[in-house]
Structure formats: C-alpha cells, structure tokens
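# build me a model:
(chains A, B, C and D)
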Protein chains: 2
Amino acid sequence: MKLSTKGRYGVKAMLDLALHNSEGQVSLKSIAERQEISENYLEQLFASLRKANLVKSIRGSQGGYMLAAEPANITIGSILRALEGSLAPVDCVMETDPAKCKRSDCCVTKFVWQKIRDSINEVVDSITLEDLINEYKKTNNKDELMFYI
Amino acid sequence: MKLSTKGRYGVKAMLDLALHNSEGQVSLKSIAERQEISENYLEQLFASLRKANLVKSIRGSQGGYMLAAEPANITIGSILRALEGSLAPVDCVMETDPAKCKRSDCCVTKFVWQKIRDSINEVVDSITLEDLINEYKKTNNKDELMFYI
DNA sequence: CCAATTCCAAGTGCATTACTCGGTATTACC
DNA sequence: GGTAATACCGAGTAATGCACTTGGAATTGG
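Numbers count the residues shown, from 1 in each chain, chains lettered A, B, ... in the order given. Take a look at the predicted model:
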C-alpha cells in the first residue's frame, strides 16, 4: 500500500513549481537539483503531467515548465492519479475499466476496497497546491530561501 | 498504491473462516479450495495472522484454524496491518519508527501523506468481520451453500 | 551556429512479490 | 501403534514491476 516514487516526486516537484510559478518557466534541471531527484527520471514524470494538462512546457533554450492552472485549482489527487493511475487499492474497484472477478464473494470484500478507494480520493481531492503553499509558508515562515537549503 | 495479495487473500480467508466459525476449526486446505488460493501460500499468511493473535490453531489431524475473537471484534484494519505492515502510503509517516527525511520541504508533503494514512486507517478500523458477514448475507441471501460455488 | 532545453523510446539492474519445495512436529482415527 | 492428515518452518525461485539510465532527436534563445 505504498505510493511509488512517481507520486511522491511528482507532488514535491509540482509544489516546487508552484513556489517558483511567479518566475516564469522553470527548468527540470533546477527542480531536479533542489529536490535531489534524477533529472532524466523527472522528464518521464513531467511527460505524464503534461498529458494530464497539469503543466505547460516551453521548449528550447531557457525553456521549462509552468503550472497549467492556478495552484488553487490543482488538486493533489489530480497529480497523483496522473502519475500513479487509479488510487484504487484493488483493480476490481478502479474507477474506469475495473477488473472483473468471477467469484461471488469478491463482491463482499469489494465493499471494503471501495470504501478505501473513496476515502483516499476524498482526501487527495480536497487538498490543492495552494493549500501546500500555505502550509509551506506557515512551516518555514522565515523566507523563500529556506527552500534551497 | 495497490494492496498486495497478502492483504486481499487475507481478508477473503478471514471472512471464509468467519462464515465457517460455528463448525469448529477449519483446515487451510478447505479455505484454499473454496477461495482458490495456494494452500502453501496461505500457510504463510496464517503464520502472520496467528502471531497477530487474530486466529488460533489446532495442530494434528483434523486440525485447523479458528478466529481468536468474535467477528465483531476483528477489524479489517487489524487483518491488513498484520499482513501488509503499516498502511501508511509513505514510510516517513509510518505509525512506528517512521523513516526520517532530511529535507525541510518534506514536512509539507508529509501533511498530505498523514491525511491519506489517517483516512485509510479510519476506514479499515471501522469495518469488522461481522460487518462483512452481514454484507455477505444481504448480498447472497439464498443460503450458505452459495459460498461453495 | 551553439548551447540549453524539452521530448521520446528503449534498455537495465535491483528489489519485491508471489509463490513453490522439502521437510519436521503433532494429533485424530483405525 | 501405525498412518494419514494437518499445522509449522525455512529456504529457494520465477516473474514482475520499479526506478532509474542511455542515447538520441527536435526546438529555440543568445
């Protein structure tokens, strides 16, 4: 029941992007350095994030990425699902194209998996990047430079 | 963010055991046949369940397993944690011995992981085996023999 | 033109999962 | 007392997925 690095790195990277959103596009290299994540690996994550319309890219020299929407309109759930796929704990309760199980008693345990799925989605969809920015400012209330250390 | 077969099989097997609880001890072989799970693999799961005091065993011929408590007093959470370990989505928010992260911004994303962890625990600890038995009877309200098909 | 960047597809090493296998210990039943 | 059925135990293994790496091609500011 663990999130993979995709989800974890993705949220960190998106928060990094959100905190530097005012500076225009941000290169993967700078995010990778600040967050200590492999730049090549980040590429893959941002490919998914771009396909999910969560970030916009600017190609070429001095290029980079920007949030595709206001931090208040980007939920953690949308980031996680873009990178991890469905957050359903079992394939038979995935939102789209659920795996069929032949056993009748599956339907009983399904009851549990659905409740887990729903509670996870409810939590992650109720938190936005803006919430994390606020939380960040509250926690590290000195100045923005804290972020680089 | 998927449960492993340990958790899934474990809940199925415990529900099977609960439904046959009145018949005295139940052999792994019969559970394995009904639930179509490898008997050898089930052995490993029941070793964990026994250590967690969720089942009692009777050795020897005609031996088997019984629930160690009333179905109403066995939560799905206790089963899942016995088999999967902590249900925390990230190691840094495990209930016991959380992994330390050096980065200060980790504390912000931690905020998210904690909320996910808490909501999962809340759901699985609120459902007992008795709830599943009732759900089972409601779903398959013909007779118990349905279970074997 | 060149360096910096995004973009893309494929390959790889490692760890974990989901088992299997072989054997021992215990006990009901004949 | 023998035997079959069961729980118990530890090690081994094949397959899978994860977490990257590699080697490029395309794009663009300076």
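# nearest residue to the middle of chain A?
A:Ile79 (2.8 Å; C-alpha atoms, centre = their mean).
# ok, now which ones touch that residue?
Applying C-beta atoms under 8 Å, 6 or more residues apart in numbering or on different chains to A:Ile79 gives the contacts A:7, A:10-11, A:14, A:49, A:54. No exception for glycine: its C-beta is placed from N, CA and C like everyone else's.
# what is the nearest of those residues to chain B?
Closest approach between the contacts of A:Ile79 and chain B, by C-beta to the nearest C-beta: A:Val11, at 5.3 Å.
# quick one: distance of the helix or strand hosting the closest one to the chain centre.
Assigned by DSSP states H and E, A:Val11 falls within helix A:5-19. In terms of C-alpha atoms, centre = their mean, to the nearest Å, the centre of helix A:5-19 is set 6 Å apart from its chain centre.
# quick one: the helices in chain A?
Ranges of helices in chain A, per DSSP state H, are A:5-19, A:28-35, A:39-51, A:76-84, A:106-125, A:129-139.
# wait, isn't A:Thr139 in contact with B:Cys107?
Yes. Here A:Thr139 lies in contact with B:Cys107, judged by C-beta atoms under 8 Å, at a distance of 5.7 Å.
# and the closest residue to DNA strand C within chain A, what are its bridge partners?
Residue nearest to DNA strand C within chain A (C-beta to the nearest atom of the strand): A:Ser57, separated by 3.1 Å. Judged by DSSP bridges, the bridge partners of A:Ser57 are A:Tyr65.
# contact partners for it?
A:Ser57 neighbours (C-beta under 8 Å, 6+ apart): A:25, A:46, A:50, A:63-66.
# same check on A:Gly85?
Neighbour list for A:Gly85: empty [criterion: C-beta under 8 Å, 6+ apart].
# so stretch A:110-122, near chain B or not?
Yes. Judged by C-beta under 8 Å from any C-beta of the partner chain, stretch A:110-122 comes into contact with chain B at A:111-113, A:115-116, A:119-120, A:122.
# close to DNA strand C: what parts of chain A are there?
Residues of chain A lying close to DNA strand C by C-beta under 7 Å from any atom of the strand are A:27-29, A:40, A:43-44, A:46-47, A:50, A:57-65.
# buried ones only from those, please, as a ChimeraX command.
Entered in ChimeraX, the line below selects the buried ones among these, by 16 or more other C-beta atoms under 10 Å in any protein chain shown:
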select /A:28,46,64,65
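# buried residues in stretch A:120-135?
Here stretch A:120-135 shows A:120-121, A:123-124, A:127-129, A:131-133, A:135 as buried, counting by 16+ other C-beta under 10 Å.
# kindly apply the preceding question to stretch A:66-74 instead.
A:66-67, A:71, A:74.
# mind showing which ranges of chain A have poor pLDDT?
Of all residues in chain A, those with pLDDT under 70 make up the ranges A:104-106, A:141-149.
# spell out which residues of it are next to DNA strand D.
Proximity of chain A to DNA strand D (C-beta under 7 Å from any atom of the strand) is limited to residues A:4-6, A:38, A:40-41, A:43-44, A:59-63.
# and those residues as CSV, adding distance to A:Glu95?
Below are those laid out as CSV (distance: C-beta to C-beta, whole Å):
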residue, distance to A:Glu95
A:Ser4, 19
A:Thr5, 23
A:Lys6, 18
A:Ser38, 30
A:Asn40, 31
A:Tyr41, 27
A:Glu43, 27
A:Gln44, 23
A:Arg59, 33
A:Gly60, 37
A:Ser61, 41
A:Gln62, 39
A:Gly63, 34
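# for DNA strand D, give me its nearest residue in chain A.
A:Gly60 (1.9 Å).
# hmm, back to that, of the contacts of A:Ile79, which pair is most distant in space?
A:Gly7 and A:Leu54 (13.1 Å; C-beta to C-beta).
# okay, these two: which has more neighbours?
Between A:Gly7 and A:Leu54, counted using other C-beta atoms under 10 Å in any protein chain shown, A:Gly7 has the larger neighbour count: 27 against 23.
# correct me, but the more buried one touches A:Ala82?
No. Using C-beta under 8 Å, A:Gly7 makes no contact with A:Ala82, being 9.3 Å away.
# leaving out chain neighbours, which residue sits closest to A:Lys29?
A:Glu39 (5.6 Å; C-beta to C-beta, 6 or more residues apart in numbering or on different chains).
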